[in-house]
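Asker: Okay, here's the prediction I keep looking at, along with the sequence it came from:
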Amino acid sequence: MTDLFRRPVNQTAFMQHLQRLVSTGHVYWCADVIPQERLPAFAEKWSSFGLAADIPARAYRKRSGKASVHLCLAPMSFDDQDKVLWWMLSTEGAQGLGNSDRVPGRVKDCRLAEARIVFGHYELLQLPRSATAEKGGPVSWTWRLSASRYREWEALLVERIKARDTAGLKEAAGYLVAMPMFAGVREQVKRLFDERDKVAGKFKLRLPAAPKLPSMRMIKLWE
């Protein structure tokens, strides 16, 4: 049971954890906040979902037509006054979030645009594996900045270019490069740098070349 309360080492690790689960069919989800001390009672209350099942137990549940359900806790850095952010993710099948009348929260299907999993300023969705792929081509699950957050970054870059604030632009570039470089985020950051350079050219403002963006790698999830 104690494994249920493991916390990913940081934000990127947590996002990778959710991405992996959704990529393996855990598309039904619900989420909420709970006081730290209530976690054991919460896990016990919903033990019928097989939250504590290990890999062999999950394989047996799958063969029996039952769902795989995971309880995911946000990194400790996201705690607010000893309250824990939690997500519960489930595959199709009996005793899963998609087929139970009694559930811990409003269940959503993350394959729907209006029900995507959101974490901070990022949303999890399916995008073409290549930015130049034809419509109907292969897709994969990835994170990207929400549309509103992307527009805010556009506005910030334009504002600082108009003010000829090179120090502010350097600071903004540092924040952009430090974002978790999932494929969707990486494409957005590249586009923001392209737009920055285009606007800077119109104002005849010379800026350093856009930095080379790091690639996402699989990282250790747990301490």
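Answerer: Done, it's in.
Asker: Doesn't residue 126 belong to a strand?
Answerer: Yes - under DSSP: H, G, I helix; E, B strand; the rest coil, residue 126 sits within a strand.
Asker: ok, which stretches of this protein are helices?
Answerer: 11-23, 39-45, 55-63, 147-162, 166-177, 183-202 (DSSP state H).
Asker: Export the ones you listed as CSV, with columns for mean neighbour count and mean pLDDT.
Answerer: The way it works is simple: take the backbone N, C-alpha and C, and place the C-beta from them, glycine included. Shown next, in CSV, are these (neighbours: other C-beta atoms under 10 Å; pLDDT from 0 to 100):
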stretch, mean neighbour count, mean pLDDT
helix 11-23, 20, 96
helix 39-45, 14, 95
helix 55-63, 12, 91
helix 147-162, 15, 98
helix 166-177, 15, 97
helix 183-202, 17, 97
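Asker: Residue 124: which of these is closest?
Answerer: Closest approach to residue 124 among the helices of the chain (C-beta to C-beta): helix 11-23, 6.2 Å.
Asker: hmm, back to that, let me have the helices of the chain in CSV, extended by distance to residue 72.
Answerer: Shown next, in CSV, are the helices of the chain (distance: least, C-beta to C-beta, whole Å):
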stretch, distance to residue 72
helix 11-23, 6
helix 39-45, 12
helix 55-63, 15
helix 147-162, 22
helix 166-177, 26
helix 183-202, 20
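Asker: Of these, which is nearest residue 211?
Answerer: Here helix 166-177 is closest among the helices of the chain (C-beta to C-beta), at 5.5 Å.
Asker: State the number of residues packed around residue 76.
Answerer: 12 (other C-beta atoms under 10 Å).
Asker: Quick one: closest of the helices of the chain to residue 115.
Answerer: Nearest to residue 115, of the helices of the chain and by C-beta to C-beta, is helix 11-23 at 11.9 Å.
Asker: what's the angle between that closest one and helix 183-202?
Answerer: Here the directions of helix 11-23 and helix 183-202 differ by 120 degrees (axes from the mean of the first three to the mean of the last three C-alpha atoms, to 10 degrees).
Asker: And the contacts of helix 11-23?
Answerer: Defining contact as C-beta atoms under 8 Å, 6 or more residues apart in numbering, one finds that helix 11-23 is touched by 8, 70, 72, 74-75, 77-78, 87, 89, 110, 117, 119-120, 122, 124, 140-143, 180, 182, 218-222.
Asker: Just the buried ones from those?
Answerer: 8, 70, 72, 74-75, 78, 87, 89, 110, 117, 119, 122, 124, 141-143, 180, 182, 221 (16 or more other C-beta atoms under 10 Å).
Asker: if you look at those residues, which of them are in strands?
Answerer: Judged by DSSP state E, these include 70, 72, 87, 89, 119, 122, 124, 141-143 as members of strands.
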